[in-house]
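[1] Sequence and predicted structure below; questions after.
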Amino acid sequence: MILNRYFLKTIFSYTATISLIFVLIIVSSRSIQYLEQASRGEINPEIVFSVVLLRLPEFLELILPLSFFLSIVLTLGRLRSDSEFVIMEQNGFSLVKVYSLLSVPASLISILLIYFSLILSPSLDQKVKDLLEVKTLEDSFNALTPGEFHKLDDSYLLFAQGRQENFLSDIFLVERKSNSKDKKVLVAKKFMAPLPESSDLIFQSGFSYSEGENNQLISVGFRSMLLAGDRDLIAKDNSFSKQKDFSGSLIWSCSISLMVLITMFLALPMSQNLPRKGRYSKVLPSLLIFSIYAGLLLTFRGEEVINLTYLIFLHLFFLIVAFYLNYRMFLGGKI
């Protein structure tokens with residue numbers, strides 16, 4: 001029982017440490033990328049830290065499997081190098097025993113990854129998208145200069161006579177869809193600044209003019225008119241993150257969970273140290289194998305049509321390799 005706790009504690013400790021290192025590396029790298037975008041005026045620098053934090057679960061979807069895989073290689077490599085594993089073998093540490101213990105953290109990580117990919121990451125991706133849209137609206141609103149015509153995407157032309165702290169005054173807006181002959185004109189006293197956490201556009205005290213049947217002019221007065229954010233009046237098209245549909249997320253979550261289990265079987269034979277080599281001699285080969293596996297898997301992420309046959313073949317190939325290496329290790333009389 002003591003050996004079991006010691007073994008699992010070491011696995012969890014290595015997994016947490018390696019995960020933290022990779023998180024710091026990726027967060028720093030992504031922060032630099034986003035700050036470069038902010039310097040070019042593509043995103044608001046005030047939201048860089050928020051965007052990075054919201055995308056953290058998405059990063060963990062690959063960091064956790066890699067950290068768990070390396071933790072097994074490092075733990076068993078150290079135990080073998082320090083001859084601790086000889087004592088553990090004498091106390092009943094068989095191949096079945098090791099895998100039964102490793103199945104505990106593997107199951108926990110798999111459940112966590114399914115939660116991330118199916119529930120948490122899509123939800124946070126949408127929050128990132130909303131945050132970018134709101135900030136883009138604010139920046140676009142602040143960039144509007146009174147006394148000048150502003151083309152807002154391909155559908156709108158706006159003119160404002162004056163500006164106050166939180167609104168533009170004496171508004172003239174022409175709306176014309178590219179695929180329609182209909183033209184609408186809006187005249188309003190005020191165009192309010194976008195509210196926090198909202199992409200809706202609010203016009204106050206004005207009239208809306210449109211052309212009806214037989215070229216008849218239709219006029220509608222209003223005290224307040226709201227254009228919903230999905231009309232996307234002045235927001236730019238931010239493809240910061242793609243919203244995955246549920247079926248794609250389900251296939252991805254099953255794939256990374258399956259990868260955790262398969263790489264667990266790969267890690268044990270990969271942890272065997274070569275004669276006169278250090279305890280960490282297998283880290284680079286292990287990283288290479290995992291990178292190939294994860295890289296091939298990532299080619300399907302975000303695809304509208306996923307080739308399930310290829311995915312099954314990919315997992316099956318690495319599973320066969322894992323069983324072959326375990327079989328050779330078993331014949332050699334070593335765990």
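    Yep, it's here. Numbers count the residues shown, from 1 in each chain.

[2] The chain - how does it break down into domains?
    Following automatic domain parsing, the chain resolves into domains at 2-139+238-331, 154-231.

[3] Now render those domains as CSV, adding mean pLDDT, mean neighbour count and distance to Thr145.
    Glycine gets a C-beta too; all of them are placed from N, C-alpha and C. Output for these, formatted as CSV (pLDDT from 0 to 100; neighbours: other CB atoms under 10 Å; distance: least, CB to CB, whole Å):
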stretch, mean pLDDT, mean neighbour count, distance to Thr145
domain 2-139+238-331, 82, 16, 14
domain 154-231, 73, 14, 8
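
[4] and the ones you listed as TSV, adding distance to Pro146?
    TSV is the format used below for the domains of the chain (distance: least, CB to CB, whole Å):
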stretch	distance to Pro146
domain 2-139+238-331	17
domain 154-231	5
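
[5] Among the ones you listed, which comes closest to Gly147?
    Judged by CB to CB, the one of these that comes nearest to Gly147 is domain 154-231, at 6.9 Å.

[6] which residue ranges form the strands in the stretch 151-300 of the chain?
    In the stretch 151-300 of the chain, the strands defined using DSSP state E, counting those that start in this stretch lie at 156-163, 167-176, 183-192, 201-211, 217-227.

[7] partners of the fourth one in the sheet?
    Read that as strand 201-211. strand 183-192 (antiparallel), strand 217-227 (antiparallel) (DSSP bridges).

[8] ok, back up a step: can I get the strands of the stretch 151-300 of the chain in TSV with distance to Ala16?
    Listed next are the strands of the stretch 151-300 of the chain as TSV, based on distance: least, CB to CB, whole Å:
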stretch	distance to Ala16
strand 156-163	52
strand 167-176	51
strand 183-192	48
strand 201-211	46
strand 217-227	48
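
[9] quick one: which of these is nearest Ile109?
    strand 201-211 (44.5 Å).

[10] tilt between that closest one and strand 167-176?
    40 degrees (axes from the mean of the first three to the mean of the last three CA atoms, to 10 degrees).

[11] In CSV, list the C-alpha atoms belonging to strand 201-211.
    Output in CSV follows, covering the C-alpha atoms of strand 201-211 (Å, rounded to 0.1, in the frame of the first residue of the first chain):
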residue,chain,number,x,y,z
LEU,A,201,-26.0,49.3,-31.3
ILE,A,202,-28.5,51.9,-30.0
PHE,A,203,-29.8,54.9,-31.9
GLN,A,204,-32.1,57.4,-30.2
SER,A,205,-34.8,59.9,-31.3
GLY,A,206,-35.0,59.5,-35.0
PHE,A,207,-36.7,58.2,-38.1
SER,A,208,-36.2,55.2,-40.3
TYR,A,209,-37.0,55.5,-44.0
SER,A,210,-37.5,52.6,-46.5
GLU,A,211,-39.0,52.0,-49.9
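
[12] How far off centre is stretch 294-313?
    Computed by CA atoms, centre = their mean, to the nearest Å, the chain-centroid distance of stretch 294-313 equals 17 Å.

[13] residues making contact with that stretch?
    The contact list for stretch 294-313, computed with CB atoms under 8 Å, 6 or more residues apart in numbering, reads Leu62, Pro65, Leu66, Lys242, Lys244, Gly248, Ile251, Trp252, Ser255, Ile256, Met259, Leu314.
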